[in-house]
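S.K.: Test case, fold it:
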Amino acid sequence: MLVRLTIRDIVLIDRLDLEFGAGLSILTGETGAGKSILLDALALALGARGDGALVRQSQAQGQVTAVFDVPSDLPALAQAREQGVEIDGELIMRRVQLADGRTRAFVNDQPVGVQTLRALGAALVEIHGQHDERALLDAASHRALLDAFGGLAEEAARTRRASAALKESQAQLAAETERLKAARADADFLRHAHQELKRLAPQPGEEAILAERRAAMMQAEKVVSDIQAAQESLTGDAAIAQHLAAAARRLQRRAAQAPALVEPCVKALDAALEALDAAQNAFDEALRAAEFDPKELERSEERLFALRAASRKYAIPVDNLAALAESYAADLAALDAGEARLAALATAASEAARAYDDAAAALSKARLRAARELERAVNAELAPLKLERAEFSVVIASDPANVAPEGIDRVEFHVRTNPGARAGPLMKVASGGELARFMLALKVALADRGSAPTLVFDEIDAGVGGAVADAIGQRLARLAARAQVLAVTHAPQVAARSTSHFRIAKAAIGGGERVATSVAALDEKARREEIARMLAGATITEEARAAARRLIESASAS
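M.R.: Residues are numbered from 1 along each chain as shown. Okay, here's the model as predicted:
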């Protein structure tokens, strides 16, 4: 509920700090005192459209802060928590209005978007007046209100789940149908391509291996003749090794005659012969490494060219051909098994449709019962509100073909103000005063089901008095037993039933240079005096004071 309202520099309000409690809080004051300003300020804090004209003249900005005591499980808090707002019992909604028209919004001093502020405000407070176009007047909300009145949360949830399941099954069926349609159109190509790739049997990395081997064989073909020619110089008839060996043998025979001269030469020749022998081994190894079957080169080239031709044909890299072959195989397998899967999905979709139809039909039937109960509850409230010739009805238009998460029903609240007249939507049929009283009757019926924790009524007693005003006061008091109620009123019969009473006044300040609005919480004596003023007008008589006392006592006793 709303526990504090702080206003700074809004229109005629300089500084205002109000505290509210549970029950029925009444706000009264003379016409033009500033009651509408107070409600405009509250609406601004709740996310209403900003306006630079709201800022008090000569000020750069104004601001409104509304503090609520809220349960931690209030669904609307989830959106605020998603934006990093810490909430623990107390919720502080603050709106800064700049004179240039811009606004800033805060929840628990954390900046938030106006949409978040508005969502929280709608969950916490409902404002109803003669010209209110939100809440109960919005036909889009009537179905949810009827469900809340009838206690149909579980039936509605079951229908939403069935709708989600149906949507998912239909999406799967549609996707599989399109997949098979495309597959059937390409079936001949798929089979030909799959067989071609299956015969080719490409392997990842095969292109690089073949290209490297082919290049090696082609290079070997070019250099092997040179290696053989070099080897021939070592092993042929004119091989240098033979000459070196012969020279070494001649020198060895002379070694005894001049060892100092011969032995170094013989050692050098031996070393040269060993080097030539190592070269021979290297030539032999190189020739063995260079050996290849010419047919292998031919086979490698044919394989490489075939892979690259397939790559060009299917416009993908050679290394992706294997994956493409697997994909085609999967498509063919899906095509072969597709009819069975399609039939299974069609069966599942049909079962989901039946489940949705059953859930939606059960919900629709329950809504019809709840609608009749709501009609009885609201119509029972109309006669005391001087609407005894009027009739409230809940119109449900059901269309089984309209598959929606909320069910197959379109719900709208209608009224007939006079016998024989055509019933129609609340907003179009009821006049301002009638509309406010219809709103009150509806709120009495819906108070503890589908209602915000704080309800604000702006002069719903306008144009009525006597017994009707008393009936309005009774119903506001009944509402206040189940929700916090704030009501702006001119009716003393309504004010007499208040739990707390605030008087709004306008007075000149600053030496008469300007006017400011103030709000004062009234004690019992001041409350009686204010009700006496409402009864008597400008001059309060003792008779008016006595009448005010009797009115308060009567209200307390009833």
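S.K.: going forward, measure contacts between C-alpha atoms and count neighbours the same way
M.R.: Fine.
S.K.: Which strands or helices does the helix or strand containing residue 163 pack on?
M.R.: Assigned by DSSP states H and E, residue 163 falls within helix 153-185. Helices and strands touching helix 153-185, by 3 or more CA pairs under 8 Å, 6 or more residues apart in numbering; DSSP states H and E, are helix 321-382.
S.K.: again, only using 10 Å
M.R.: Applying 3 or more CA pairs under 10 Å, 6 or more residues apart in numbering; DSSP states H and E, one finds that helix 153-185 makes contact with helix 142-150, helix 187-200, helix 321-382.
S.K.: Out of those helices, which is the most enclosed?
M.R.: helix 142-150 (a mean of 20; mean count of other CA atoms under 10 Å).
S.K.: what angle do that helix and helix 321-382 make?
M.R.: If you take axes from the mean of the first three to the mean of the last three CA atoms, to 10 degrees, helix 142-150 sits at 70 degrees to helix 321-382.
S.K.: just use 617 as the starting number from now, easier for me
M.R.: Noted, 617 is the first residue going forward, which turns the last one into helix 758-766.
S.K.: Who are the packing partners of helix 758-766?
M.R.: Judged by 3+ CA pairs under 10 Å, 6+ apart, the packing partners of helix 758-766 are helix 769-801, helix 937-998, strand 1007-1014, strand 1025-1032, helix 1048-1062.
S.K.: will you turn those into JSON lines that also has mean pLDDT and distance to residue 649?
M.R.: Below are the helices and strands packed on helix 758-766 laid out as JSON lines (pLDDT from 0 to 100; distance: least, CA to CA, whole Å):
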{"stretch": "helix 769-801", "mean pLDDT": "91", "distance to residue 649": "44"}
{"stretch": "helix 937-998", "mean pLDDT": "90", "distance to residue 649": "31"}
{"stretch": "strand 1007-1014", "mean pLDDT": "94", "distance to residue 649": "35"}
{"stretch": "strand 1025-1032", "mean pLDDT": "93", "distance to residue 649": "34"}
{"stretch": "helix 1048-1062", "mean pLDDT": "80", "distance to residue 649": "21"}
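S.K.: and of those, who's closest to residue 625?
M.R.: With distances scored as CA to CA, the stretch of these nearest to residue 625 is helix 1048-1062 (30.6 Å).
S.K.: May I have that closest one exported as PDB, CA atoms only?
M.R.: What follows is helix 1048-1062, C-alpha atoms only, in PDB (Å, rounded to 0.1, in the frame of the first residue of the first chain):
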ATOM      1  CA  GLY A1048     -19.800  10.400 -16.500                       C
ATOM      2  CA  GLY A1049     -21.700  10.100 -13.200                       C
ATOM      3  CA  GLU A1050     -23.200   6.700 -14.100                       C
ATOM      4  CA  LEU A1051     -19.800   5.500 -15.300                       C
ATOM      5  CA  ALA A1052     -18.200   6.300 -12.000                       C
ATOM      6  CA  ARG A1053     -20.900   4.400 -10.100                       C
ATOM      7  CA  PHE A1054     -20.600   1.400 -12.400                       C
ATOM      8  CA  MET A1055     -16.900   1.500 -11.700                       C
ATOM      9  CA  LEU A1056     -17.500   1.400  -8.000                       C
ATOM     10  CA  ALA A1057     -20.000  -1.500  -8.300                       C
ATOM     11  CA  LEU A1058     -17.500  -3.400 -10.300                       C
ATOM     12  CA  LYS A1059     -14.700  -2.700  -7.900                       C
ATOM     13  CA  VAL A1060     -16.800  -3.800  -5.000                       C
ATOM     14  CA  ALA A1061     -17.400  -7.100  -6.800                       C
ATOM     15  CA  LEU A1062     -13.700  -7.500  -7.800                       C
END
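S.K.: for that helix, the distance to its chain's centre please.
M.R.: 34 Å (CA atoms, centre = their mean, to the nearest Å).
S.K.: List the buried residues in it.
M.R.: 1048-1062 (16 or more other CA atoms under 10 Å).
S.K.: Could you name the helices and strands sitting against that helix?
M.R.: On a contact count with 3+ CA pairs under 10 Å, 6+ apart, helix 1048-1062 meets strand 741-745, helix 758-766, helix 937-998, strand 1007-1014, strand 1025-1032, helix 1042-1045, strand 1070-1074, helix 1082-1096.
S.K.: relative orientation of the longest one and helix 803-816 in degrees?
M.R.: Counting by the same axes, to 10 degrees, helix 937-998 lies at 140 degrees to helix 803-816.
S.K.: Check the first one too.
M.R.: In terms of direction (the same axes, to 10 degrees), strand 741-745 departs from helix 803-816 by 170 degrees.
S.K.: export strand 741-745 as CSV, just CAs?
M.R.: Output in CSV follows, covering the C-alpha atoms of strand 741-745 (Å, rounded to 0.1, in the frame of the first residue of the first chain):
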residue,chain,number,x,y,z
VAL,A,741,-2.4,1.6,-7.8
GLU,A,742,-5.6,1.9,-9.7
ILE,A,743,-7.0,5.4,-10.3
HIS,A,744,-10.7,5.7,-11.1
GLY,A,745,-12.7,8.7,-11.9
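S.K.: That strand: partners in the sheet, and parallel or antiparallel?
M.R.: Here strand 741-745 is paired, per DSSP bridges, with strand 1070-1074 (parallel).
S.K.: can you give me the offset of the partner strand from its chain's centre?
M.R.: Relative to its chain's centre, strand 1070-1074 lies at 30 Å (CA atoms, centre = their mean).
S.K.: ok, residues contacting stretch 682-694?
M.R.: 617-623, 634-636, 657-662, 700-711, 723-724, 732-733, 735-740, 1069-1070 (CA atoms under 10 Å, 6 or more residues apart in numbering).
S.K.: Actually, stretch 775-785.
M.R.: By CA under 10 Å, 6+ apart, the surrounding residues in contact with stretch 775-785 are 769-774, 786-791, 961-979, 1019-1024.
S.K.: in that stretch, what's buried?
M.R.: Buried-residue list, stretch 775-785, by 16+ other CA under 10 Å: 775-783, 785.
S.K.: on that earlier part again, let me have the helices and strands packed on helix 769-801 in CSV, adding distance to residue 1036 as columns.
M.R.: Listed next are these as CSV, based on distance: least, CA to CA, whole Å:
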stretch, distance to residue 1036
helix 758-766, 25
helix 803-816, 69
helix 937-998, 17
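S.K.: What residues are recorded as beta-bridge partners of residue 1135?
M.R.: What pairs with residue 1135, by the bridge criterion (DSSP bridges), is residue 1120.
S.K.: right, and it touches residue 1123 too?
M.R.: No. The criterion here is CA atoms under 10 Å, and residue 1135 misses it with residue 1123 at 11.0 Å.
S.K.: list residues touching both of these two?
M.R.: residue 649.
S.K.: Look at the two and report which has more neighbours.
M.R.: Taking neighbours as other CA atoms under 10 Å, residue 1135 and residue 1123 compare with residue 1135 leading, 22 against 12.
S.K.: Report pLDDT for that one.
M.R.: Listed pLDDT for residue 1135 reads 92.
S.K.: so what's it up against?
M.R.: 629, 631-634, 643-645, 649-651, 654, 1118-1122 are the contacts of residue 1135 under CA under 10 Å, 6+ apart.
S.K.: ok, now residue 996?
M.R.: By CA under 10 Å, 6+ apart, the contact list for residue 996 reads 990, 1004, 1007-1008, 1057, 1061.
S.K.: quick check, nearest of those residues to residue 1139?
M.R.: For those, the closest approach to residue 1139 (CA to CA) belongs to residue 1057, at 30.2 Å.
S.K.: mind checking how far that closest one is from residue 984?
M.R.: 20 Å (CA to CA, to the nearest Å).
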